[in-house]
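K.L.:
Take this sequence and fold it.
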Amino acid sequence: MKIAIARRQTALGHTVAALPLPARADLTEAARKEGELTWYVAQVDTETAEKLGRACSAAYPGLRVDVTRVTGQAALQRLMLDIENRTPHCDIFSATDISHMPMLKARGELTQYVPENHATMRPQFQALSDLGWYRATHSGRWILIHDRDKIRPEAAPKNWTDLLDRRWRGQLLLAHPAFSGGAGVWALAIKHRYGWQFFEDLAKNNPRAGRSTNDTVMPIGGGECQAGPAFAPAAYRAIDKGNLIVISQPLDGVVVMVFPSAIPARAPHPNAARLFMEWTLSETFSKMMAADGSAHMVARRSTRIEVPESTCPHGG
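P.N.:
Below is the predicted model of the structure:
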């Protein structure tokens, strides 16, 4: 038996002794004895999250994955309420805003664990992870979409700044950063490039706001709105289902989000959580994530070096 860490400090000031960490060969059996884990996830839609949970259970019979899929900021709020109320439920926390992780680490609310196959990660994902505390599981892009029937190709927005044109007044749809961690990342990237004035000008176009990145696609394809920023996997998934939208890659820069996962310090099923973290570095998980949103494996980028990528079939 090994000790994962000597001690960790919680936000409430209580010292928590580290749990014994089984040897690697015994981890699967230890996880099966716990029997279940709860996954707080904002990185994918509910359907995909449930599919991933079932795939993990199939890989490790006897281990059930209970999926709690909410928006990024709601996932963090739920975790913080668990911490403050000392009622831990979450075993794996998968965020859309990578800034959540250093905050949780500084508060002593993450478990230190180094997955065995972390060396399979692409170098850029290793660089954006904090080895032993949290690590990137995949990434996704923010792109522009527009209504295929109502907007001619030459009139479609091609830069983020095109959304400021007054012809889009009342016709734009955005995800709300107060609910969506991914929308917050997009907003920070745009602010870094164009300053806060971008949003002052955007507000003059009276855009609609949805809660999640997944809420921004269907209304545009359904004719309720005409254009806006969108999360690529959600857009590709909608096109594959027949939604009438067109994707374009912004010429002034695609916003890339890197999605991290970690084990909370008080995870009630710590061995199952460690096994799940190992599984998120598996080839099966990486291929499923790379294919999310499209049968052509272009919506997300996998962390594993050997998982291939291909050309976008939907334009852009």
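
K.L.:
so what's the residue nearest in space to the middle of the chain up against?
P.N.:
Taking C-alpha atoms, centre = their mean, the centroid of the chain lies closest to Gln43, which sits 2.5 Å from it. Remark: with contacts taken as C-beta atoms under 8 Å, 6 or more residues apart in numbering, Gln43 is in contact with 94-96, 137-138, 140, 259. C-beta coordinates here come from the backbone N, C-alpha and C atoms, glycine included.

K.L.:
Now the phi/psi pair for it, please.
P.N.:
Taking degrees, to the nearest 10, you get phi -80, psi -20 for the backbone angles of Gln43.

K.L.:
Now flag whichever of the contacts of Gln43 is closest to Ala238.
P.N.:
Here the nearest of the contacts of Gln43 to Ala238, counting by C-beta to C-beta, is Gly140; it sits at 14.4 Å.

K.L.:
quick one: the closest one from Arg32, how far?
P.N.:
Taking C-beta to C-beta, to the nearest Å as the measure, Gly140 and Arg32 are separated by 32 Å.

K.L.:
now do Gly62
P.N.:
Summarising the geometry, the distance separating Gly62 from Arg32, computed by C-beta to C-beta, is 4 Å.

K.L.:
Any idea how many residues pack against the nearest residue to Asn271 once chain neighbours are set aside?
P.N.:
Taking C-beta to C-beta, 6 or more residues apart in numbering as the measure, Asn271 lies nearest to Ala30, with 3.9 Å between them; neighbours along the chain are not counted. Applying other C-beta atoms under 10 Å, we find 18 residues neighbouring Ala30.

K.L.:
tell me which element Ala30 is part of?
P.N.:
Taking DSSP states H and E as the criterion, the element that holds Ala30 is helix 24-34.

K.L.:
and the next element down the chain from that helix?
P.N.:
Sequence order places strand 36-41 as the next helix or strand after helix 24-34, per DSSP H and E.

K.L.:
what lines up beside that following strand in the sheet?
P.N.:
When pairing is defined by DSSP bridges, strand 36-41 lines up against strand 64-69 (parallel), strand 92-94 (parallel).

K.L.:
now that strand against helix 24-34, angle please.
P.N.:
Going by axes from the mean of the first three to the mean of the last three C-alpha atoms, to 10 degrees, strand 36-41 is angled at 90 degrees with respect to helix 24-34.

K.L.:
Quick one: mean pLDDT over strand 36-41.
P.N.:
For strand 36-41, mean pLDDT is 97.

K.L.:
Give the buried residues for that strand.
P.N.:
Residues of strand 36-41 classed as buried by neighbour count (16 or more other C-beta atoms under 10 Å): 36-41.

K.L.:
Going along the chain, name the strands of the stretch 51-200 of the chain.
P.N.:
Using DSSP state E, counting those that start in this stretch, the strands assigned to the stretch 51-200 of the chain run over residues 64-69, 92-94, 134-147, 173-175.
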